[in-house]
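Asks: sequence plus predicted model, see below.
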Amino acid sequence: MPAEEGFRGVHRVLGSVDGLKRFIEINPSPYHGLNFCQGTVSEMLKDPNREILEVIRYFGSRKKIFNVHFRNIHGGFLNFQETFPDCGDVDMRAALKVYQEVGYDGMLMPDHVPMIEGDAGGRQAFAFAYGYIRGLMQAIDA
């Protein structure tokens with residue numbers, strides 16, 4: 001299998017946006033949707049900053065985003081590094097505006113954060129990520 005098929009040659013059904021679309025179409029129901037990990041979906045894209053907004057719009061406009069792991073990355077498909085929300089390639093303010101545009105009213109949270117030396121349990125890193133999310137929300141609402 002060519003490398004572009006998936007990580008280490010393993011193709012996963014939920015490893016592409018098309019696979020996620022197929023997943024939500026399997027059983028049409030208002031109770032069938034996604035724990036939308038923006039970081040993981042960004043990792044599926046060749047150009048996350050350019051493509052992620054339309055992906056959010058697609059699933060969000062169909063009310064298929066039930067929860068958001070709001071995190072950022074550098075890079076893209078099969079070549080990425082996790083970052084804090086303020087220093088990755090995706091414009092997180094623009095992403096948050098799209099969640100608002102589609103009427104998403106659920107939780108935004110980091111699912112995990114980069115490690116910082118001396119930060120036992122990631123407490124400082126999580127506090128920063130949550131504070132950044134809250135600051136973005138306040139900036140958009142202002």
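Replies: That came through, no problem. Numbers count the residues shown, from 1 in each chain.
Asks: now do the helices in this structure.
Replies: Taking DSSP state H as the test, the helices found in the chain are 17-26, 38-43, 48-61, 92-101, 123-141.
Asks: and the residue lying closest to Asn72 once chain neighbours are set aside, how many neighbours does it have?
Replies: Take Asn72 and drop its neighbours on the chain: the residue closest to it by C-beta to C-beta, 6 or more residues apart in numbering is Gly88, 2.9 Å away. All C-beta atoms are positioned from the backbone trio N, CA, C, and that covers glycine. A count of nearby residues for Gly88, using other C-beta atoms under 10 Å, gives 21.
Asks: wait, Gly88 touches Gly76, no?
Replies: No - the pair Gly88 and Gly76 does not pass the contact test of C-beta atoms under 8 Å, sitting 10.9 Å apart.
Asks: and the closest residue to Ala139 other than its chain neighbours, how close does it get to Asn72?
Replies: In this structure, Ala139 finds its nearest non-sequential neighbour in Arg93, 7.0 Å apart by C-beta to C-beta, 6+ apart. With distances defined as C-beta to C-beta, to the nearest Å, the gap from Arg93 to Asn72 amounts to 11 Å.
Asks: comparing the two, which residue is more hemmed in?
Replies: Applying other C-beta under 10 Å to Arg93 and Asn72 shows that Asn72 carries more neighbours, namely 25 against 13.
Asks: quick check: that one vs Arg134, distance?
Replies: Going from Asn72 to Arg134 by C-beta to C-beta gives 16 Å.
Asks: also Ser16?
Replies: Counting by C-beta to C-beta, the gap from Ser16 to Arg134 is 32 Å.
Asks: of the two, who's got more company?
Replies: Residue environment comparison for Ser16 versus Arg134 gives the larger neighbour count to Ser16, 17 against 11, counting by other C-beta under 10 Å.
Asks: now do the contacts for the more buried one.
Replies: By C-beta atoms under 8 Å, 6 or more residues apart in numbering, the contact set of Ser16 is Met44.
Asks: how about Gly32, nearest residue that isn't a chain neighbour?
Replies: In this structure residue 32 is His, not Gly. The shortest distance from His32 to any non-neighbouring residue, by C-beta to C-beta, 6+ apart, is to Ile24 (6.4 Å).
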